[in-house]
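Student: Make a model of this:
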Amino acid sequence: MFIKNICINSYYKAFKCFINKQFINNNTLMGVITVIDQGIVSATSFFTGVIIGRTLEKEQFGYYLLGLTIVFVAINLQNALISWPYTIYINRYNKIQHAIFKGSTLIHLLFLCLILIIVLVIFPIIATVYFKISQIEHILWALVISITFIMLREFIRRIFFASMHMGSALLLDLLISMFQIGGLILFSYEKTLSASRSFWIIGAACGLVSVSWLMLNQESFVFSLAAAWSSFKTNFSFGKWIFIGSTIFTASNQLFPWLLTNYHGVATTGTLAANLGIVGLSNPFAQAIGNYLLPKTTDIYNLTGLKGLRQVVLKATIVIGFIMMIFCLLIFIFGSKFIIFVYGDKYASSPTVLLLLTFSAFASVISSPFSYALYALNKPRILFQIDIASSIIFVLFAIMFIKRLGLLGVGIGLLGGNIGVYVIRYYFYIKSINLSIIKNKSDEINNVTK
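Tutor: Okay, the predicted model is just below:
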């Protein structure tokens, strides 16, 4: 058994090395592999929704969407407090320090998961009393077990992205996709699938692959509680404003399905889930941009300064705008028929809702390069201010439109909110760039006079 484990580990490392050497050295191919990887993740999410939507009633699809909002908030917490600081600081360490830092971040993740589990245990009371949503406890209990494995998968992906090992991320996500879709199809065929069991299956797929990876790579982690506490203070000093701001921002975004359920019922939320599933077809591109741009903008700024940073932001904005406009055009032409083709007649809704949600996604994605530039410039307080201002806009739009207009109100609220986010992010990006230019010129003058 010992020899067998050594052989498996050797084959895995050889394959991972081959993938990285063949594809990762070239920046263009690196970006392509990032898009392919995110395509696999998004396709898995999309087909998960299709299986649930077609197999179950609209109410169950609605409960699934509510569960996803909790997952989104949890992953955002993880990114702000653990993954993003890791991406920023990892290149500053040597090999031994790197292993200690990786071990420390894994300890941080486990403590965060423990806190989330405690919150999920008491959350059914809040959901039942304040949101008047019954039967949500089945989803929450499923998340109590599965959320740790879902976050562990995301943690490993972020390690790969930070090291620009896109081939390894591709392999990880491909294996998880196979297990997840296979499990959902099996339960659907046996007519035992439900919204809560979907999260059990997702957690099992993530856990099987992620824990296996940890066992095969345990030598790259060094664990120390003292180092974990020290790195937590370092991470929190950088990420506390991002952590607080992005948590509030994500929660305000994910509030929309809960308010819709509260005012118009969980079946209407199921229809929203189908619309968001179609809009989510843009996620392979949108998420890949984030996975690639966050470490890339940091590297370019460190190497070439403000000039290189401005160039990469401009190029990214142009590319994002062009591709997302094509996507919006396709949704405008085929969206209404496609949603019925994919999910069935029971999810038919106003084409205006789908179009509003699509343009909302466009506004959200095209503003993302400004945020990544602010990360590279190490402007956590500004990012905090952006998130708080954006959250206020989203909450105001949600309160104004969802109760009166239902699904249409969700579309209007998300579009209006994301347009506001774009304006705010652009303003602070330009302001930060100009201040940095003035500071650099001032430093040059001071150096000359000395």
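Student: tell me which residues in stretch 339-348 are buried?
Tutor: By 16 or more other Cβ atoms under 10 Å, the buried positions in stretch 339-348 come out as 339, 342, 343, 347. In short, each C-beta sits where N, CA and C put it, glycine included.
Student: Spell out which residues sit in contact with residue 206, please.
Tutor: Contact analysis of residue 206 by Cβ atoms under 8 Å, 6 or more residues apart in numbering lists 146, 149, 150, 152, 153, 176, 180.
Student: make it 10 Å
Tutor: For residue 206, the contact set (Cβ atoms under 10 Å, 6 or more residues apart in numbering) comprises 146-154, 156, 172, 176, 179-180.
Student: same deal with residue 54?
Tutor: Residue 54 is in contact with 61, 188, 274, 342, 343, 344, 346, 347, counting by Cβ under 10 Å, 6+ apart.
Student: and what of residue 341?
Tutor: residue 334.
Student: go on, the one 10 residues further on?
Tutor: With contacts taken as Cβ under 10 Å, 6+ apart, residue 351 has the following neighbours: 275, 331, 332, 335, 336, 337, 339.
Student: Give me the buried subset of those.
Tutor: 275, 331, 335, 336, 339.
Student: Okay, and the third one sits in which element?
Tutor: Pointing back at residue 335 there. helix 283-343 (DSSP states H and E).
Student: what is the rounded mean pLDDT of that helix?
Tutor: The average pLDDT for helix 283-343 rounds to 83.
Student: any idea which of the buried residues of stretch 339-348 is closest to residue 263?
Tutor: Using Cβ to Cβ, residue 347 is the member of the buried residues of stretch 339-348 that lies nearest residue 263, at 19.3 Å.
Student: How about the secondary structure of the closest residue to that closest one other than its chain neighbours?
Tutor: The shortest distance from residue 347 to any non-neighbouring residue, by Cβ to Cβ, 6 or more residues apart in numbering, is to residue 274 (3.9 Å). Here residue 274 is recorded as helix under DSSP: H, G, I helix; E, B strand; the rest coil.
Student: What distance do you get for residue 274 to residue 280?
Tutor: Residue 274 is 10 Å from residue 280, where distance means Cβ to Cβ, to the nearest Å.
Student: where in the stretch 301-450 of the chain is pLDDT low?
Tutor: Scanning the stretch 301-450 of the chain for pLDDT under 70 picks out 440-450.
Student: Which parts of it are helices?
Tutor: Under the criterion DSSP state H, counting those that start in this stretch, helices of the stretch 301-450 of the chain are mapped to 351-366, 368-376, 380-405, 407-449.
Student: Kindly present those helices as TSV, with separate columns for distance to residue 49.
Tutor: Putting these into TSV (distance: least, Cβ to Cβ, whole Å) gives the following:
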stretch	distance to residue 49
helix 351-366	14
helix 368-376	23
helix 380-405	22
helix 407-449	17
